[in-house]
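> could you work out the structure for the sequence below:
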Amino acid sequence: MVYESTSANLVEGDTNRRSDVFLHDRVAGPEALFAVSDLDVTPEVSRSGRVRVQAWVKNVGEQDGEYAAVLRVDGEVDQRRGIPVRAGRGTWVSFDVRRAEPGTYTVGLGPLTGHFTVKR
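Here you go, the predicted structure:
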């Protein structure tokens, strides 16, 4: 899709007072592109405070790449890991989480969220 605009707020530093032509490329290029699914948090209730968080990561792009997995617990970054994934392939990414304080915790990995509860 191609469009022209005279708006000066579409591109930072656009001060030439002339119209600009923009091209929106709707076809994915040859880069790696990741889809994250099937989040699993086990056990949902833990007396020891230990749980495993895992999800399926698939590279739906055209090139091999590395997924930057960032696990958040209650909104804070808990762990990071780079996961190499070949084009057209998938793999599981997993994290072991430990919490000493009783309570319910929210975990997030990419666009996915889950919960677990620590009981003593």
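
> use CA for all of it now, contacts and neighbours both
OK.

> so which helix or strand of this protein has the lowest pLDDT on average?
Least confident element among the helices and strands of the chain, by mean pLDDT, DSSP states H and E: strand 20-23 (a mean of 59).

> strands along the chain, start to end?
2-5, 20-23, 34-42, 45-46, 50-59, 65-73, 76-85, 90-98, 103-109, 112-118 (DSSP state E).

> could you single out the most deeply buried of those?
Burial of those is given as mean neighbour count (mean count of other C-alpha atoms under 10 Å); strand 50-59 ranks first at a mean of 20.

> which outside residues touch that strand?
Contacts to strand 50-59, defined as C-alpha atoms under 8 Å, 6 or more residues apart in numbering, come from residues 32-44, 65, 67, 85-99, 109, 116.

> returning to that earlier point: and the strands of the chain, which one's lowest on average pLDDT?
Note on the strands of the chain: strand 20-23 shows the lowest mean pLDDT, a mean of 59.

> how far does stretch 107-120 stretch from one end to the other?
One end of stretch 107-120 sits 20 Å from the other (C-alpha to C-alpha, to the nearest Å).

> how far off centre is that stretch?
Remark: stretch 107-120 is offset 15 Å from the chain centroid, using C-alpha atoms, centre = their mean, to the nearest Å.

> now A32. Its backbone dihedrals?
The phi and psi values for A32, taken as degrees, to the nearest 10, are phi -70, psi 140.

> what about it, how many neighbours?
The burial count assigned to A32 is 20, neighbours taken as other C-alpha atoms under 10 Å.

> excluding sequence neighbours, find me the nearest residue to it.
Distances taken as C-alpha to C-alpha, 6 or more residues apart in numbering place G61 nearest to A32, at 4.3 Å, with adjacent residues excluded.

> likewise G49?
Using C-alpha to C-alpha, 6+ apart and skipping residues adjacent in sequence, the residue nearest G49 is R99, 4.9 Å away.

> same thing with L112?
L39 (6.6 Å).

> surely the residue nearest to G49 touches V118?
Yes: counting by C-alpha atoms under 8 Å, V118 is a contact partner of R99 at 7.3 Å.

> between those two, what contacts are shared?
With C-alpha under 8 Å, 6+ apart as the test, R99 and V118 both reach G49.

> kind regards, and thank you for your time.
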